[in-house]
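predicted coordinates and the sequence they were generated for:
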Amino acid sequence: MSEYRAPTDDMLFVLEHIADLSELANRAGYEHADLETVEGVLEEAARFMEEQLVPLNRKGDEEGLVVENGQIFHPDGFSDAYERFVDAGWNGIALDEDHGGGGMPWCVGLAVQ
């Protein structure tokens, strides 16, 4: 198993000091995107990625994708991991809440991705 750990401290630094997250959190619709909340989101996303996706890295590198007759085949486990990713809502963290998203600023969505 990989020892990879998501660099959440670095992500938070960039969000706080470069993307000016506190200014974004003052805008209508982003009040819930304060630094403390975003830190929790990033930590939970990191836990998910480390537990669910990182173990597939080696398999993906070794087996790769196969394209046959216009169909794409990927290593076992990838579809299930992606389904868990979607079910957990990580793919829509920056989408509007009215459409089932998390309503976070796009910079937070990019950090999660």
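That came in fine, so what should we check first?

low-confidence regions, this structure specifically.
Applying pLDDT under 70 to the chain picks out residues 1-2.

tell me where it has helices.
With helices called from DSSP state H, the chain shows them at 8-17, 21-25, 35-48, 57-63, 78-87, 106-112.

list the buried ones in the last one?
Burial within helix 106-112, assessed by neighbour count using 16 or more other CB atoms under 10 Å, is assigned to 107, 108, 109, 111, 112. The way it works is simple: take the backbone N, C-alpha and C, and place the C-beta from them, glycine included.

hmm, what's the outermost residue in the protein?
Here the chain reaches farthest from its C-alpha mean at residue 69, the gap being 31.8 Å by CA atoms, centre = their mean.

next, it: phi, psi?
phi 50, psi 40 (degrees, to the nearest 10).

surely residue 42 meets residue 11?
Yes. Look at residue 42 against residue 11 with CB atoms under 8 Å: they come within range, at 5.6 Å.

any shared contact partners between the two?
residue 111 (CB atoms under 8 Å, 6 or more residues apart in numbering).

turn the buried residues of helix 106-112 into CSV, columns for distance to residue 29.
CSV is the format used below for the buried residues of helix 106-112 (distance: CB to CB, whole Å):
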residue, distance to residue 29
107, 14
108, 13
109, 14
111, 18
112, 18
